[in-house]
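Enquirer: Sequence and predicted structure below; questions after.
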Amino acid sequence: MTMRKTLLPLSVLLIAACANVSSTDPQSSTTEEPLLGDGIFCLHGVPSAQPKSIGVPAPDLLPPELIQTVVAEGSNKLENPATVSVNAGVTTTVSYYGFAGDEPPVPVPGDVQTATHKVEATKTEPDKNTYLTLTGQTGPDAGYDYGTHFVYQGHENSTSGALGAAGYITRINLDADGPHKVTLMASADKTGKLLPPIDGSTWNPFAQRLMFTAEGGAGGGAYMATLGFPSSVENLFGSMGQGGFEGIQNDSAGNIWIVEDSGGPTSAGAPHAKVPNSFIYRFVPKRIDDPRFGKLQALQVISKQTGLPISFHGADTDTLSTDVQDLHTYGNVFTTHWVTIHDTGIDGTASFSANALAKAKLATPFKRPENGQFRPGSGFKEFFFDETGDTDVRTEAGSAFGGFGGVMKLSQVSPTADDGQLSLFFLGDEAHAGFDNCAFWSSNTIVFVEDRGDTLHAQLNALDSAWLFDVTVDYSNPANQPTRLLAQGRDFAATLDSQLGGQPGFQNDGDNEITGFHISNGDPSTKGILGAQAPHPFSSGWRVFYTAQHGLNRTLEVLPNKSVPAPFFR
């Protein structure tokens, strides 16, 4: 038999020569050049975003070197369904991973949506993923071995319908069989109060607690939860306050960093642009194993115009201010300070508004930052965080004032330093907009995913994408562009929900959203803090997860496509 040799381009054979290029057009690309994967493998960028077509589902598109598999979806039955009381005595049974029990998961043929009658279940919206490898974990079935690999999530329930503003925590048991695949860990805190919709999550190895955040504005805040079943959940309103908290991360010193997403008001002069209204926080615990006591600080940025802190004034003066434009201009480097806004040793442990105190202490507001991570290998000295922006092509802010979001880089001499420097890493535009979750793919590459929302999807006829950025690249040069790692499609349930979204009383979101993009080896020790080790996806235990929120509410694992010929993989 004659063996056929496949001749590959030299740029593929030479891993170090892989190019970091892709199109700025969300709909098309003229390049098929591969992307450097830090010596692990090369990836070809996905050429274009998936279009938003009325009534037409679309598949997710990944580079040919990658595939994905569902690890849990909305129709997975919980192994321990629970009935929770919400909305003034109305009770709802939570029976499925991604659906409440108020209506059937999909509409019954012939049923009609009305203002008083809902045709489908309220979606529970699993959000940020936290992957851990653990031993000795138990569940409702005392005689069952739940394995050693788990994904924890909070659920960001729709704030209407039978669930009201209630959330809960689940654990995906990756090693388990179908009946034991998903465990409901908690739906109330240790006082019996229902949990709010939950957004962010991480593992705090110092406190040996899962950390969760709720984005509910003045009703939001941070929680900590035990690993054991059932999980005991405690709010941290007295130490970290309340606000629209979303991203949450530890650093090597035991501090807890929180990224707030609180949409601001608009003004008559800029009705489609929100005023910067959200803050970056650092909680410094009195003892690193106890987040109930310590100092909450907020990031303050010094104006290049006045030498004074860039602070909140109001919609009419902040949305299109010179300071906001400066923050979104390449090449500007700003001095930063951490200002203490609350200290439990002085101010006590009563609940407080973190957002209000940050404004009062002249911290600097941003345009809806949602998540951030430390660069591996930096010694927790470099923190990258994103801004989502206005998610509306009509934004009067445009790119120049952060209307399409962007990515900021905060540099400090140590994670405990009081001072640092802030600069713009990437300025969002119509092709790269609405950044949300993020995860480092390697020491030099980071993934930011989009959450454009139904409005921007329709305006630009483009669904969400996940972008891979090289942190060593200067993106002020238009020739340098991130590479599209994922063009998210739209499952059939989200396609239906997008159409039902115009019906009176319909309670669910439409198009799918990429959330919970997470890369981890599951190490529960302090060595496993995100940013402590250089990630190596698909090797040495490193795994990649994300959730396609809305619609079918699928959580997926990204895997290497072994059918792609060497030398893509080493």
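Expert: Looks like it arrived, so ask away. Numbers count the residues shown, from 1 in each chain.
Enquirer: so where is the stretch 301-450 of the chain shaky, pLDDT-wise?
Expert: Scanning the stretch 301-450 of the chain for pLDDT under 70 picks out the ranges 316.
Enquirer: Please report how far the spatially closest residue to residue 318 that is not a sequence neighbour lies from residue 266.
Expert: Excluding the flanking residues, the one nearest residue 318 by C-beta to C-beta, 6 or more residues apart in numbering is residue 275, at 4.8 Å. For every residue, glycine as well, the C-beta is placed using N, CA and C. Residue 275 is 7 Å from residue 266, where distance means C-beta to C-beta, to the nearest Å.
Enquirer: Settle it for me: which of those two has more neighbours?
Expert: When residue 275 and residue 266 are compared for neighbours, residue 275 comes out ahead with 24 against 17, by other C-beta atoms under 10 Å.
Enquirer: So the more buried one is in contact with residue 321, correct?
Expert: No: using C-beta atoms under 8 Å, residue 275 is not in contact with residue 321, being 9.5 Å away.
Enquirer: Quick one: neighbours of residue 492, just the number.
Expert: Residue 492 has 12 neighbours, counted by other C-beta under 10 Å.
Enquirer: With adjacent residues omitted, what lies nearest to residue 482?
Expert: Leaving aside its sequence neighbours, residue 482 sits nearest to residue 467 (C-beta to C-beta, 6+ apart; 4.1 Å).
Enquirer: Relative to residue 540, how far out is the one you found?
Expert: Going from residue 467 to residue 540 by C-beta to C-beta gives 25 Å.
Enquirer: out of the two, which sits in the busier spot?
Expert: Between residue 467 and residue 540, counted using other C-beta under 10 Å, the more crowded position is residue 467 (23 against 9).
Enquirer: Do I have it right that the more buried one meets residue 483?
Expert: Yes: between residue 467 and residue 483 there is a contact under C-beta under 8 Å: 6.9 Å.
Enquirer: Verify the stated contact: residue 425 with residue 405.
Expert: No: Residue 425 is beyond contact range of residue 405, at 11.8 Å (criterion: C-beta under 8 Å).
Enquirer: which of the two has more neighbours?
Expert: Each of residue 425 and residue 405 has its neighbours counted (other C-beta under 10 Å); residue 405 has more, 31 against 23.
Enquirer: Which strand residues bridge residue 426?
Expert: Per DSSP bridges, the residues bridged to residue 426 are residue 407.
Enquirer: Burial check on it, number of neighbours?
Expert: Residues lying near residue 426 (other C-beta under 10 Å) number 26.
Enquirer: Next, find the distance separating it from residue 537.
Expert: Per C-beta to C-beta, residue 426 is found 21 Å from residue 537.
Enquirer: next one: residue 65
Expert: Relative to residue 537, and taking C-beta to C-beta, residue 65 is found at 11 Å.
Enquirer: In terms of helices and strands, where is the residue nearest to residue 318?
Expert: Taking DSSP states H and E as the definition, one finds residue 275 inside no helix or strand.
Enquirer: who's in contact with it?
Expert: Listed by C-beta atoms under 8 Å, 6 or more residues apart in numbering, the contact set of residue 275 reads 264, 265, 266, 267, 312, 314, 315, 318, 319, 365.
Enquirer: Please identify the one among the residues you listed that lies nearest to residue 108.
Expert: Checking those against residue 108 with C-beta to C-beta, the nearest one is residue 266 at 40.1 Å.
Enquirer: got the contact list for the closest one?
Expert: Counting by C-beta under 8 Å, 6+ apart, residue 266 has contacts 272, 273, 274, 275, 315, 319.
Enquirer: what's around the closest residue to the third one other than its chain neighbours, how many residues?
Expert: Going back to what we said before, that points to residue 274. In this structure, residue 274 finds its nearest non-sequential neighbour in residue 264, 4.5 Å apart by C-beta to C-beta, 6+ apart. If you count neighbours by other C-beta under 10 Å, residue 264 ends up with 20.
Enquirer: Which secondary structure state does residue 264 sit in?
Expert: coil (DSSP: H, G, I helix; E, B strand; the rest coil).
Enquirer: Do I have it right that it meets residue 314?
Expert: No: contact criterion C-beta under 8 Å: residue 264 and residue 314 do not qualify, at 9.3 Å.
Enquirer: Can you pull out the low-pLDDT segments for the protein?
Expert: 1-41, 84-91, 158-165, 316, 565-570.
Enquirer: any idea which residue sits dead centre in it?
Expert: Central residue of the chain (C-alpha atoms, centre = their mean): residue 437, 2.8 Å from the mean position.
Enquirer: now it: how far from residue 297?
Expert: Taken as C-beta to C-beta, the span from residue 437 to residue 297 is 24 Å.
Enquirer: ok so, going back, and which of the contacts of residue 275 is nearest to residue 336?
Expert: Taking C-beta to C-beta as the measure, residue 336 sits nearest to residue 365 out of the contacts of residue 275, at 13.6 Å.
Enquirer: I'd like to know how many residues surround the nearest residue to that closest one once chain neighbours are set aside.
Expert: Using C-beta to C-beta, 6+ apart and skipping residues adjacent in sequence, the residue nearest residue 365 is residue 276, 4.0 Å away. Other residues near residue 276 number 27, with proximity taken as other C-beta under 10 Å.
Enquirer: need the contact list for residue 276.
Expert: Residues near residue 276 by C-beta under 8 Å, 6+ apart: 264, 312, 318, 319, 324, 365, 366, 367, 402.
Enquirer: which residues does residue 378 contact?
Expert: Contacts of residue 378 (C-beta under 8 Å, 6+ apart): residue 531.
Enquirer: Report the secondary structure state of it.
Expert: coil.
Enquirer: Next, give phi and psi for it.
Expert: When read as degrees, to the nearest 10, the backbone of residue 378 gives phi -90, psi 0.
Enquirer: roughly how far apart are it and residue 251?
Expert: Separation of residue 378 from residue 251 (C-beta to C-beta): 11 Å.
Enquirer: what is in contact with those two at once?
Expert: Residues touching both residue 378 and residue 251 by C-beta under 8 Å, 6+ apart: residue 531.
Enquirer: Find the residue closest to residue 480 in space, skipping its chain neighbours.
Expert: Nearest non-adjacent residue to residue 480, counting by C-beta to C-beta, 6+ apart: residue 473, 5.0 Å away.
Enquirer: Give me the distance between that neighbour and residue 49.
Expert: From residue 473 to residue 49 the distance is 21 Å (C-beta to C-beta).
Enquirer: who has more neighbours, those two?
Expert: Neighbour count, other C-beta under 10 Å: between residue 473 and residue 49, residue 49 has more, with 28 against 16.
Enquirer: The more buried one sits in which helix or strand?
Expert: Counting by DSSP H and E, residue 49 is found in no helix or strand.
Enquirer: Verify the stated contact: it with residue 462.
Expert: Yes: Residue 49 lies in contact with residue 462 (C-beta under 8 Å); the separation is 4.0 Å.
Enquirer: still on that earlier bit, quick check, the residue nearest to residue 482 in a strand?
Expert: Yes: assessed with three-state DSSP, residue 467 lies in a strand.
Enquirer: What count of nearby residues applies to residue 521?
Expert: Look at residue 521: counted by other C-beta under 10 Å, it has 18 neighbours.
Enquirer: No further questions, thank you.
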